[in-house]
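Asks: prediction below, plus the sequence it came from.
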Amino acid sequence: MSYAFDGAGSRPAPVPGSATGPLPHLAQWIMLTSGWRRLLVSIAAGAVGALAMPPFGALPALVVSLSIAVWLIDGAATGRRGNRGAVLACAVIGWAWGFGYLTAGLWWLGSAFLVEADEFLWALPLGVIGLPAVLALFYAAGFALARVLWSQGPARIAALAVGISASEWLRGHLFTGFPWNTLGMALGQNLWLMQSASVIGLYGLTLLAVLIAAAPATLATGTTARGRYAPALAASAGLAAMALFGIVRLPPTATATVEGVRLRLVQPNLNQDAKFRPENRADIIDWYIGLSDRAAAPDRTGIADVTHVIWPESAFPFLIQRDPDSLARIAAAFPPGRQLITGAARAEEPLPNERPRFFNSILTISSGPKLGDIYDKVHLVPFGEYLPGPLDAALRAVGLRQFVSIPGGFTPGARSGQRLLDIAGLPPVVATICYEAIFPGEILPGYAPDGSSPVPGLILNVTNDAWFGDTPGPRQHFAQARLRAVEEGLPMVRDANTGISAVVDPYGRITASLPVGVEGILDADLPVRLPGRTVYAVLRDLPFAGMLAGLGLIALLVRRRIA
């Protein structure tokens with residue numbers, strides 16, 4: 001049996017002659033829950049949705065999760081409390097759903113607190129439970145907005161898509177942003193489906209993911225045969241159209257490669273333990289050089305047989321720029337014409353009466369030794385690389401510091417500064433460090449396609465995921481970085497301390513990779529960029545904004561017509 005309700009949020013009433021069976025009865029039970037049962041159902045539904053994210057990729061889990069969300073909103077408020085009560089009730093449901101989703105998807109953050117457990121173990125609940133609890137407020141706002149637009153019938157699926165998608169965009173931008181496991185990744189990890197990101201980006205995928213995954217809710221609650229089946233059929237058709245677009249867009253042959261470039265990615269698999277200390281600098285440098293010069297094949301014996309060697313983020317527990325002995329050892333190992341590209345902390349000489357500023361950087365080093373172009377990380381990790389300004393003094397007064405032990409924390413690079421690295425033998429390199437690569441639209445800020453800026457040829461991402469061990473975290477990180485290649489139409493070269501290191505072509509196809517927890521080297525050619533620019537690279541989130549506005553208008557008009 002199906003159920004109807006009025007626009008003001010009264011309790012659902014059975015519709016005679018409508019569908020019967022286990023699914024409608026389950027929907028009724030969920031709609032009629034209240035109090036702590038409703039909260040538990042909401043949290044559980046959100047947690048199930050996390051299974052749609054990498055590395056699991058179970059899209060049906062998101063269907064279950066969002067269908068339950070629709071039924072929860074359907075029955076959220078009594079007529080006695082009115083529309084304001086319904087909006088508040090849906091905000092609570094949204095918070096609980098988001099808390100379940102984020103806790104189940106981000107539990108691996110707790111691993112970072114165990115690296116230096118003697119200092120940070122006490123704060124583990126803040127990362128594993130506290131962060132999801134705060135971020136869930138975005139979903140609270142999204143569910144509340146959905147309820148404002150809610151109406152009887154299929155249009156409420158559009159209302160939910162508008163509310164959640166808008167909240168996901170805000171989560172990715174406000175307070176420095178944290179777009180980790182944005183719901184669009186449910187579609188953005190499949191090679192065919194991810195191709196749509198070249199047009200609508202991650203947030204466009206998010207809107208489609210909610211539309212597609214929530215549509216089956218009407219199978220249990222539609223008041224007519226058309227109302228029951230049309231949304232699910234439309235969702236299936238939309239998913240098929242996305243897959244067809246991906247099939248047509250993907251070329252049948254491998255992407256051509258840049259002539260004269262041979263990359264070697266070094267994945268040292270170093271733990272953040274006592275061996276990784278400044279006093280062990282000579283052993284660390286020797287370890288990197290020995291691994292870099294390892295024979296990869298009978299015809300490839302070491303550094304001399306490649307053009308560029310890449311080391312990961314935070315390769316050294318000391319300032320390599322100020323260590324002439326270590327620079328000399330590197331220079332001796334690199335023949336003329338070979339380039340080292342490495343992540344490293346660097347310090348800027350302070351002005352009088354000022355403390356030095358430290359940067360999380362990418363350095364280029366060649367024989368000589370000669371230091372080349374530098375990129376300083378712009379988008380730092382709050383509490384990981386710095387303490388937020390207003391809280392800095394107070395938090396340090398109680399003995400709290402950021403995870404990376406740098407006096408005063410890292411300083412962000414200038415947002416208006418250089419993003420394109422000039423490295424001999426490579427096309428212009430778009431530099432990203434660690435989680436900078438998960439932010440859609442920020443890969444090329446300020447890039448001018450009118451000829452005044454060099455044409456970028458690849459995205460370089462160096463990272464250190466050793467903090468999170470062999471958990472879903474490094475796999476989620478790679479999947480999100482990979483989607484940037486599709487959005488921008490650029491190949492991506494990603495070097496990670498403990499994996500996943502990979503080369504990805506501009507269609508998101510992985511041409512070479514090393515898994516998590518493996519020590520090794522990866523030799524690969526560099527795929528060429530796509531000719532021209534993708535729609536997303538030109539318009540950014542404008543297509544998403546248009547989709548959001550259109551669906552919001554439809555939901556609003558239907559609600560007003562019914563009211």
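Replies: Perfect, thanks for sending it. Numbering: from 1, shown residues only.

Asks: spatially nearest residue to residue 238, not counting backbone neighbours?
Replies: Spatial nearest neighbour of residue 238, excluding adjacent residues (CB to CB, 6 or more residues apart in numbering): residue 212 at 5.8 Å. C-beta coordinates here come from the backbone N, C-alpha and C atoms, glycine included.

Asks: does the one you found touch residue 240 like I think?
Replies: No: counting by CB atoms under 8 Å, residue 212 does not reach residue 240; the two are 10.5 Å apart.

Asks: how about low-confidence regions in the stretch 301-450 of the chain?
Replies: Within the stretch 301-450 of the chain, the ranges that satisfy pLDDT under 70 run 350-354, 388-408, 415-418, 445-450.

Asks: if you set the cut-off to 80 instead, what comes out?
Replies: 301, 349-355, 367-369, 383-409, 414-419, 444-450 (pLDDT under 80).

Asks: which other helices and strands does the helix or strand encompassing residue 545 contact?
Replies: Element membership for residue 545 (DSSP states H and E) is helix 542-562. Applying 3 or more CB pairs under 8 Å, 6 or more residues apart in numbering; DSSP states H and E, we find helix 542-562 packed against helix 155-171, helix 197-214.

Asks: can you lay out the ones you listed as a markdown table showing distance to residue 39 and mean neighbour count?
Replies: Shown next, in a markdown table, are those (distance: least, CB to CB, whole Å; neighbours: other CB atoms under 10 Å):
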| stretch | distance to residue 39 | mean neighbour count |
| --- | --- | --- |
| helix 155-171 | 19 | 25 |
| helix 197-214 | 20 | 26 |
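
Asks: would you format those as a markdown table with mean pLDDT and distance to residue 287 included?
Replies: Output for the helices and strands packed on helix 542-562, formatted as a markdown table (pLDDT from 0 to 100; distance: least, CB to CB, whole Å):
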| stretch | mean pLDDT | distance to residue 287 |
| --- | --- | --- |
| helix 155-171 | 97 | 39 |
| helix 197-214 | 98 | 37 |
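
Asks: tilt between the helix holding residue 545 and helix 197-214?
Replies: Per axes from the mean of the first three to the mean of the last three CA atoms, to 10 degrees, the angle that helix 542-562 makes with helix 197-214 is 30 degrees.

Asks: show me where the stretch 151-300 of the chain has its strands.
Replies: Assigned by DSSP state E, counting those that start in this stretch, the strands in the stretch 151-300 of the chain fall at 257-267.

Asks: where does it have low pLDDT?
Replies: Ranges of the stretch 151-300 of the chain meeting pLDDT under 80: 222-223, 271-277, 296-300.

Asks: same check, this time on the stretch 451-563 of the chain
Replies: Short version for the stretch 451-563 of the chain, where the test is pLDDT under 80: 451-454, 562-563.

Asks: and residue 364, how close does it get to residue 311?
Replies: 11 Å (CB to CB, to the nearest Å).

Asks: the two - which one has more neighbours?
Replies: residue 311 (27 against 21; other CB atoms under 10 Å).

Asks: picking that back up, residues in contact with the residue nearest to residue 238?
Replies: 187, 235, 238-239 (CB atoms under 8 Å, 6 or more residues apart in numbering).

Asks: recalculate using a threshold of 6 Å.
Replies: By CB atoms under 6 Å, 6 or more residues apart in numbering, residue 212 lies in contact with 235, 238-239.

Asks: which residue is the nearest non-sequential neighbour of residue 479?
Replies: Closest to residue 479 by CB to CB, 6+ apart is residue 54, at 4.0 Å.

Asks: give me the neighbour count for that neighbour.
Replies: 21.

Asks: cool, residue 237 as well?
Replies: Around residue 237 there are 11 residues (other CB under 10 Å).

Asks: how close does it get to residue 244?
Replies: Taking CB to CB, one finds residue 237 at 10 Å from residue 244.

Asks: same check on residue 340?
Replies: 44 Å.

Asks: compare those two (neighbour count), which wins?
Replies: residue 340 (26 against 12).

Asks: mind listing what that one touches?
Replies: Counted by CB under 6 Å, 6+ apart, residue 340 has contacts 309, 365.

Asks: which residues touch residue 124?
Replies: Residue 124 neighbours (CB under 6 Å, 6+ apart): 110, 113.

Asks: am I right that it falls within a helix?
Replies: Yes: counting by DSSP: H, G, I helix; E, B strand; the rest coil, residue 124 is part of a helix.

Asks: OK, contacts around residue 207?
Replies: Per CB under 6 Å, 6+ apart, neighbours of residue 207: 161, 165, 547.

Asks: am I right that the first one is in contact with residue 208?
Replies: Which is residue 161. No: in this structure, residue 161 is not within contact of residue 208 by CB atoms under 6 Å, at 8.1 Å.

Asks: what's next to stretch 83-103, contact-wise?
Replies: Residues contacting stretch 83-103 (CB under 6 Å, 6+ apart): 8-9, 39, 42-43, 45-47, 49-50, 69, 72-73, 76-77, 132-133, 135-136, 139-140, 142-144, 147.

Asks: type out the PyMOL command that picks the buried ones from those.
Replies: Paste this into PyMOL to select the buried members of those, with burial taken from 16 or more other CB atoms under 10 Å:
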select buried, resi 9+39+42+43+45+46+47+49+50+69+72+73+76+77+132+135+136+139+140+142+143+144+147
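
Asks: quote the end-to-end distance of stretch 46-53.
Replies: 12 Å (CA to CA, to the nearest Å).

Asks: quick one: mean pLDDT for it?
Replies: If you average the pLDDT over stretch 46-53, you get 98.

Asks: how about residues contacting that stretch?
Replies: 58-59, 61-62, 64-65, 97, 100-101, 104-105, 181, 185-186.

Asks: which one of those residues is nearest residue 265?
Replies: residue 185 (24.0 Å; CB to CB).

Asks: what sits against that closest one?
Replies: residue 53.

Asks: do the one 5 residues further on as well
Replies: Under the criterion of CB under 6 Å, 6+ apart, the contact list for residue 190 is empty.

Asks: pull out the buried positions in stretch 239-257.
Replies: For stretch 239-257, by 16+ other CB under 10 Å, it's 239, 242-243, 245-246, 255, 257.

Asks: cool, and stretch 170-182?
Replies: 171-173, 177-182.

Asks: distance to residue 324 for these - can I get that in TSV?
Replies: Below are those laid out as TSV (distance: CB to CB, whole Å):
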residue	distance to residue 324
171	45
172	43
173	43
177	39
178	40
179	41
180	40
181	44
182	45
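
Asks: report the two of those separated the most.
Replies: Pairwise over the buried residues of stretch 170-182, using CB to CB, the maximum falls at 173 and 181, 15.7 Å.

Asks: ok, which of the helices and strands packed on helix 542-562 comes nearest residue 517?
Replies: helix 197-214 (27.4 Å).
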